[in-house]
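J.: after the sequence you'll find the predicted model.
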Amino acid sequence: MTDPIPTYDALIIGAGYAGLTAAHKLLQAGKKILVLEARDRVGGRVYTKHFADGTYIDLGGQWAGPSQEKLYQLARETGVSTFPTYDEGKSQLYFKGRLKQYKGLIPPLPIPALLSLNNALKKMNRLSGTIDPASPWTHPKASEWDSITLGGWMQSQMKNEKARKLFQIAAEAIFAVNPAEISLLFALYYTRSGRDFDTLMNIRNGAQQDRFLGGADLPARRLAEKLTGHIMFNAPVISIKQESDKVECLGEGFHFHAKKVIVAIPPVLAQKISYTPSLPPNKIQLFQRIPMGSVWKCYAIYDKPFWRNKGLNGLVASDFGYTSLVFDNSPSDGSKGILMGFVLADKARDFTLMNEHQRRTSILESFTKYFGPEAAEPAMYTDQSWAEETWSGGCYTGIMGPHTLSTMGRYLRIHTGNIHWAGTETSEEWNGYIEGAIRSGERAATEILDALH
């Protein structure tokens, strides 16, 4: 006689912030649940690396900002403190071989470029403000805006080359893709889900305002402690079979039954699972058209944040080399100096072709141009490519090119029989961010509780 197949109220695929949030809510409601996680850790695209001397760096998502109430609430509930991203002193702009220092939000530009950039930013905010994030495809101009790329819109709005270049640096920092890869409608929707373009760009009063003491994955790890015994690691799901009243999840060495399933992984990974019966054609085609962004995070760790003594806050925007944006990622007490450079979009793909020595040399050359010779000799250098992560496929999030959001976006969140969908890509608010992941997990859990009741 064979052992009966374990049966649950709900199986959750993925132990990132979305899956953990959904699992916790269901468990609190008294449901029998199990989380199936392909990795050997929780957190998904949020991962904090710790070193023997107590230093840690966030290799994935790391910030919180105004209106991200769910993330701040989770941090409080799990006993995790936040501290402000260092923002004292002057920022720097390295452009066309010249380094300029400035205070405030807008870098020093010639008047024509400044006006052109300011007008484009204001128009981006105005247009995104007209989008309903719950149904962007219903906008009267949805089809029109979805037929052009953000890059095409930039060309039409900014005749000034410097303005376009700086807007592109900002856009690539926000979306982790070349503006030519995403539709204007998706860019407006994404911007609206995170309040406005200014919020997404800024540190103070922006999406990069706060960091987490102990690392950005600490709330996830603390939440996972409450789910002890309910998470199975190294368990990638290979296939999902569903009937009218149950679902089966199968992988190497496991086979579970449940009333419901939550798929809380990026669409690019969700489409790799085999479904029986097949998913609806529109869902399949949509998943095929949501690729991931491309990003490296590059860290140089120094004995102290020496740039602060020069009156610099560590923030740099640049058109030189591979890293177009640099942040001060030092610990809250300033006991170490840590610079983090983003390598994004097309540059990230080229960066992947370089070996570690070449990458290190390139990044430190850039840091030295911005901060002086002291930046050339860090105590440690390390970097992380999310495109090489099997269970991420890229970062920060899934993006949509032209003629996708307006025609198929409505199918993203709709449950498929007993299969429900979560993950930051499915969130109406703070899409692409940790906050969006948490909100999506709560929504999916609520759908299941309503269905089971």
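T.: Received, thanks.

J.: any idea how many residues pack against residue 210?
T.: Using other C-beta atoms under 10 Å, the number of residues around residue 210 comes to 21. The C-beta positions use only the backbone N, C-alpha and C, and glycine is treated the same way.

J.: point out where this protein drops to low pLDDT.
T.: Along the chain, segments meeting pLDDT under 70 span 1-3.

J.: ok, 90 please
T.: Applying pLDDT under 90 to the chain flags the ranges 1-6, 104-108, 244, 453.

J.: domains of it?
T.: Split into domains by automatic domain parsing, the chain comes to 7-44+217-279+416-452, 48-66+82-87+207-213+293-388, 110-194.

J.: nearest to residue 394, of the ones you listed?
T.: Nearest of those to residue 394, taken as C-beta to C-beta: domain 48-66+82-87+207-213+293-388 at 4.8 Å.

J.: thinking again about what came up before, okay, the domains of the chain, which one's buried deepest?
T.: Highest mean neighbour count among these (mean count of other C-beta atoms under 10 Å): domain 7-44+217-279+416-452, with a mean of 21.

J.: so how far is that one off the chain centroid?
T.: Centre-to-centre, domain 7-44+217-279+416-452 and its host chain are 18 Å apart (C-alpha atoms, centre = their mean, to the nearest Å).

J.: how long is that domain end to end?
T.: 15 Å (C-alpha to C-alpha, to the nearest Å).

J.: that older thread, can you redo the domains of the chain as a markdown table with distance to residue 103?
T.: A markdown table is the format used below for the domains of the chain (distance: least, C-beta to C-beta, whole Å):
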| stretch | distance to residue 103 |
| --- | --- |
| domain 7-44+217-279+416-452 | 27 |
| domain 48-66+82-87+207-213+293-388 | 9 |
| domain 110-194 | 15 |
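
J.: of the ones you listed, which is nearest residue 404?
T.: With distances scored as C-beta to C-beta, the stretch of these nearest to residue 404 is domain 110-194 (6.8 Å).

J.: quick one: the nearest residue to residue 96 once chain neighbours are set aside from residue 120, how far?
T.: Excluding the flanking residues, the one nearest residue 96 by C-beta to C-beta, 6 or more residues apart in numbering is residue 319, at 7.0 Å. According to C-beta to C-beta, to the nearest Å, residue 319 stands 17 Å off from residue 120.

J.: what does residue 66 give?
T.: In terms of C-beta to C-beta, residue 66 sits 23 Å off from residue 120.

J.: likewise residue 264?
T.: From residue 264 across to residue 120, the span is 36 Å (C-beta to C-beta).

J.: swap in residue 215?
T.: 36 Å.

J.: spit out the contact partners of the nearest residue to residue 250 once chain neighbours are set aside.
T.: The shortest distance from residue 250 to any non-neighbouring residue, by C-beta to C-beta, 6+ apart, is to residue 239 (4.9 Å). The neighbours of residue 239, taking C-beta atoms under 8 Å, 6 or more residues apart in numbering as the test, are 248-250, 273-276.

J.: please flag which of these sit within strands.
T.: Among the contacts of residue 239, the members falling in strands are 248-250, 274-276 (criterion: DSSP state E).

J.: and those residues, which is closest to residue 222?
T.: Nearest to residue 222 out of these is residue 249 (C-beta to C-beta; 26.2 Å).

J.: surely the closest one touches residue 35?
T.: No: Residue 249 is beyond contact range of residue 35, at 11.2 Å (criterion: C-beta atoms under 8 Å).

J.: which residues are in contact with both of the two?
T.: Both residue 249 and residue 35 are in contact with 11, 13, where contact means C-beta under 8 Å, 6+ apart.

J.: element containing residue 255, please.
T.: Per DSSP states H and E: residue 255 is located in strand 254-263.

J.: ok, whichever strand or helix holds residue 341: who's next to it in the sheet?
T.: Residue 341 belongs to strand 337-344 when assigned by DSSP H and E. Here strand 337-344 is paired, per DSSP bridges, with strand 295-302 (antiparallel), strand 323-328 (antiparallel).

J.: include distance to residue 4 when you put those into a markdown table, please.
T.: Converted to a markdown table, these look like this (distance: least, C-beta to C-beta, whole Å):
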| stretch | distance to residue 4 |
| --- | --- |
| strand 295-302 | 45 |
| strand 323-328 | 53 |
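
J.: show me what contacts the residue nearest to residue 215 when sequence neighbours are not counted?
T.: Distances taken as C-beta to C-beta, 6+ apart place residue 48 nearest to residue 215, at 2.9 Å, with adjacent residues excluded. Listed by C-beta under 8 Å, 6+ apart, the contact set of residue 48 reads 56-59, 214-218.

J.: what's the answer for residue 308, then?
T.: 86, 88-89, 314, 328, 334, 337 are the contacts of residue 308 under C-beta under 8 Å, 6+ apart.

J.: can you do 7 Å?
T.: Counting by C-beta atoms under 7 Å, 6 or more residues apart in numbering, residue 308 touches residue 89.

J.: before we move on, the earlier item: identify, from the contacts of residue 48, the entry nearest to residue 115.
T.: Top of the list for closeness to residue 115, among the contacts of residue 48 and by C-beta to C-beta, is residue 58 at 36.5 Å.

J.: ok, and the closest non-adjacent residue to residue 82?
T.: Nearest to residue 82 is residue 210, by C-beta to C-beta, 6+ apart, at 4.2 Å.
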